[in-house]
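Novice: structure of the sequence below:
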Amino acid sequence: MKIGRKLFGTFVGVITVSMIVFLLFCYYCLNVGYFSGISHNDMKQALAQGEQFLLNGEDEMQSLKQLKNSYTGMDFAVITDGVWISSANVPVLVDESDILDAINGQLNSCKDYEVLACAITQDRQTEYLICFVDRQDFEAMSYKFNMVRARGMLGKLAIVGVVITVILLIPALYLMQRKYKEKELYEKRRKEMISNLSHDLRTPLSSVVGYSEMLQNGIYDNEEERNTYIDIIHRKAVYMEKLLSELLEYSRLELGTIRLQKQKVDITELVREILIEYYPEIEKNQYTLELAIPEHPIIGIWDREKLGRVIRNLIDNALKYGMDGKKLRIAVEEKGNHACIEIQDYGKGISQKEIPHVAEQFYRADCARNSKQGGMGLGLFIVQEIVRLHNGRFHIESKEQQGTRICVQFPL
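Specialist: Residues are numbered from 1 along each chain as shown. Predicted coordinates:
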């Protein structure tokens with residue numbers, strides 16, 4: 001569910017950002033005075049180059065052809081000794097006042113063209129070079145799409161729109177591909193979890209059914225054996241209850257339906273209460289328990305039940321996978337404005353490549369997969385999510401053959 005929402009959110013985010021950037025660019029083009037097409041400065045530049053051609057004695061018609069080839073969208077004409085020479089079918093200017101208006105950039109008689117001219121004097125003779133630009137191609141608001149020069153407004157908007165889309169689409173596609181791979185991995189681990197859960201429930205359930213039938217049929221030699229059967233049934237039932245409780249907790253976290261019931265909690269007292277539950281197992285297996293819990297209370301506003309779940313999950317995890325060293329260390333301390341709980345085991349440890357993944361849902365490290373203890377790969381994920389809901393911190397360190405240290409911090 002979360003991955004699906006992330007994919008949808010990524011897609012919506014890309015579309016939204018693309019539209020915002022594109023609309024801002026359109027606003028700039030339409031309202032801030034962005035000019036499209038050929039400007040007076042372009043025409044003046046062309047006239048200046050044409051003037052150099054003519055002053056250097058080049059042929060008039062040849063000069064006009066060179067200018068037309070160099071300046072797309074412009075046409076040119078020359079008046080020399082009263083003779084009109086042009087490179088295209090443009091209006092003929094013969095009126096002296098029109099020529100003067102063209103030189104001043106104020107000619108209005110050519111309704112289809114913007115006209116600019118210059119006077120060239122050499123050897124006491126004056127000739128006029130005239131530049132014509134179709135008004136559809138001139139400045140401000142030309143909606144003509146010119147693929148070659150992208151001079152038209154629509155051409156610019158289209159090109160910029162494509163560039164924006166491509167720039168945003170490439171990283172978005174990369175992210176979506178990553179999310180899709182995460183989803184595939186999520187589904188794979190979920191299927192493994194269901195398979196593990198089926199296996200983990202089938203074995204204790206078979207024991208419960210088998211021993212209860214033996215009790216029901218009176219198949220036992222004495223009262224001690226009967227009590228042993230009852231004890232086995234109880235332990236297996238507690239184990240199954242723990243698995244289902246963990247699965248239910250995960251479902252609530254995944255759906256976002258968990259609501260913290262905060263109250264004043266003395267975390268040192270809570271840890272001591274929970275440790276009492278584990279003393280029989282620790283003594284039975286002759287584990288060394290090292291405690292560093294202060295005598296004074298460390299009180300904060302937390303969800304007592306959820307904190308209990310965090311502590312139990314961390315201890316369970318250490319007892320399942322980290323007891324090769326036969327030692328467990330539990331410490332509680334106040335660090336700045338946080339209460340810190342550390343669980344340290346001295347087992348096989350976790351490889352460095354697996355550390356970033358051990359708190360992911362359904363993930364089981366090699367030490368967990370090779371263990372006969374079972375498990376769904378949800379314990380540390382639940383711990384991390386509960387810590388996150390409390391705005392706390394989760395940190396794990398591990399070295400192979402030296403053990404694992406997990407630290408959780410809750411704000412005071």
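Novice: which positions in the helix or strand harbouring residue 238 come out as buried?
Specialist: Residue 238 is part of helix 223-255 when elements are defined by DSSP states H and E. Buried positions in helix 223-255, judged by neighbour count with 16 or more other CB atoms under 10 Å: 226, 229, 232-233, 236, 239-240, 243, 246, 249-250, 253. (C-beta placed from N, C-alpha, C; glycine too.)
Novice: got JSON lines for these, with pLDDT and distance to residue 330 too?
Specialist: Output for the buried residues of helix 223-255, formatted as JSON lines (pLDDT from 0 to 100; distance: CB to CB, whole Å):
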{"residue": "226", "pLDDT": "89", "distance to residue 330": "37"}
{"residue": "229", "pLDDT": "89", "distance to residue 330": "34"}
{"residue": "232", "pLDDT": "88", "distance to residue 330": "29"}
{"residue": "233", "pLDDT": "91", "distance to residue 330": "31"}
{"residue": "236", "pLDDT": "86", "distance to residue 330": "27"}
{"residue": "239", "pLDDT": "80", "distance to residue 330": "22"}
{"residue": "240", "pLDDT": "84", "distance to residue 330": "27"}
{"residue": "243", "pLDDT": "79", "distance to residue 330": "24"}
{"residue": "246", "pLDDT": "77", "distance to residue 330": "21"}
{"residue": "249", "pLDDT": "79", "distance to residue 330": "22"}
{"residue": "250", "pLDDT": "75", "distance to residue 330": "25"}
{"residue": "253", "pLDDT": "77", "distance to residue 330": "25"}
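Novice: about what we covered before: who does the helix holding residue 238 touch, helix- and strand-wise?
Specialist: helix 153-216, helix 379-389 (3 or more CB pairs under 8 Å, 6 or more residues apart in numbering; DSSP states H and E).
Novice: switch the cut-off to 10 Å
Specialist: In this structure, helix 223-255 packs against helix 153-216, helix 304-321, helix 379-389, with contacts taken as 3 or more CB pairs under 10 Å, 6 or more residues apart in numbering; DSSP states H and E.
Novice: enumerate the positions of the last one that are buried.
Specialist: Using 16+ other CB under 10 Å as the test for burial, helix 379-389 gives 379-387, 389.
Novice: picking that back up, now the helices and strands packed on helix 223-255 in CSV, with mean pLDDT and distance to residue 296?
Specialist: Below are the helices and strands packed on helix 223-255 laid out as CSV (pLDDT from 0 to 100; distance: least, CB to CB, whole Å):
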stretch, mean pLDDT, distance to residue 296
helix 153-216, 75, 41
helix 304-321, 91, 18
helix 379-389, 90, 23
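Novice: who's in contact with the helix or strand hosting residue 100?
Specialist: Per DSSP H and E, residue 100 falls inside helix 96-103. The contact list for helix 96-103 (CB atoms under 10 Å, 6 or more residues apart in numbering) reads 47, 79, 91-93, 95, 106-110, 114-119, 128-132.
Novice: list the buried residues for it?
Specialist: In helix 96-103, counting by 16+ other CB under 10 Å, buried: 98-99, 101-103.
Novice: out of those, which comes closest to residue 138?
Specialist: Residue 138 lies nearest to residue 102 out of the buried residues of helix 96-103, by CB to CB, at 14.2 Å.
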